[in-house]
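based on what follows, work out the 3D shape:
(chains A and B)
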Amino acid sequence: NAGVTQTPKFQVLKTGQSMTLQCAQDMNHEYMSWYRQDPGMGLRLIHYSVGAGITDQGEVPNGYNVSRSTTEDFPLRLLSAAPSQTSVYFCASSYSHGAKNIQYFGAGTRLSVL
Amino acid sequence: EDKVVQSPLSLVVHEGDTVTLNCSYEVTNFRSLLWYKQEKKAPTFLFMLTSSGIEKKSGRLSSILDKKELFSILNITATQTGDSAIYLCAVAMNYGGSQGNLIFGKGTKLSVKP
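Next comes the predicted model:
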């Protein structure tokens, strides 16, 4: 059981470049989310999705787009990378309802924008 | 504004010591409180607490929630060097029909010296 898989693990971009961070889960979870983690800031929610075709903004959505065409995949797109987007990005998934809505995290993508 | 506050932000102890990590919160639509351990990579799930006064235990780790006073504590007894990590507290909220959105505290960095 792979759980939550993120690719790539590391990425270096130049300012203005675009890229997509991939996230896939094989647990048939309805809920998926993206967080960024910066030193001294904890994890902050970027975007989330409660099911295929449904997405919404979190706390820090500016500069990022998401889509959810399947239950399994939830890619995060950086449209025009900026140095302020240098961070570690985590994808997570869980069931949306019931008692066991525990979010499980992928291994993260470390992104540097020069 | 919803917030989760952890204290202390960092802590250095020696092997065998007992530590208590604190988490207080002010959120609307509280659903549950979760503790995660983060070593090098992804946060890994420790406990989920939904009811006051019920202690969760796993080996040397235990946690309890007080929904009246809006806080939780994570206790680690007989600490080992392998307990060195960042411990994250998060509150899950009912939000727009989704029972998934998490607000994280900034974490407590625990260092256990031999």
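
what's the neighbour count on residue 61?
By default, I'm working from chain A. The tally of other residues near A:Pro61 (other Cβ atoms under 10 Å in any protein chain shown) stands at 16. Heads up, the C-betas are built off the backbone N, CA and C, glycines and all.

my question was about chain B
Close neighbours of B:Leu61, defined as other Cβ under 10 Å, add up to 17.

surely it is in contact with B:Asn75?
Yes - between B:Leu61 and B:Asn75 there is a contact under Cβ atoms under 8 Å: 7.0 Å.

checking the closest residue to A:Leu13 other than its chain neighbours next. Helix, strand or coil?
Of all residues not flanking A:Leu13 in the chain, A:Ala81 sits nearest, at 4.5 Å (Cβ to Cβ, 6 or more residues apart in numbering or on different chains). Secondary structure, DSSP: H, G, I helix; E, B strand; the rest coil: A:Ala81 is coil.

show the pLDDT at B:His14.
Listed pLDDT for B:His14 reads 97.

roughly how far apart are it and A:Met19?
44 Å (Cβ to Cβ, to the nearest Å).

then B:Ile103?
Counting by Cβ to Cβ, the gap from B:Ile103 to A:Met19 is 27 Å.

who has more neighbours out of these two?
Counted by other Cβ under 10 Å, B:Ile103 and A:Met19 do not tie: B:Ile103 has more neighbours, with 23 against 15.

the helix or strand harbouring that one near chain A at all?
Using DSSP states H and E, B:Ile103 maps to strand B:102-104. Yes - Strand B:102-104 is in contact with chain A by Cβ under 8 Å from any Cβ of the partner chain, via B:Leu102, B:Ile103, B:Phe104.

for these, which one is nearest chain A?
When the residues of strand B:102-104 next to chain A are compared for distance to chain A (Cβ to the nearest Cβ), B:Phe104 wins out at 4.2 Å.

please read off the pLDDT at that closest one from the model.
With respect to pLDDT, B:Phe104 has a value of 93.

burial check on it, number of neighbours?
Number of residues near B:Phe104 (other Cβ under 10 Å) recorded here: 21.

now do the contacts for the residue lying closest to A:Gly16 once chain neighbours are set aside.
Leaving aside its chain neighbours, A:Gly16 sits nearest to A:Ser80 (5.4 Å; criterion: Cβ to Cβ, 6+ apart). Neighbouring residues of A:Ser80 by Cβ atoms under 8 Å, 6 or more residues apart in numbering or on different chains: A:Gly16, A:Gln17, A:Ser18, A:Gly63.

done for today, thanks.
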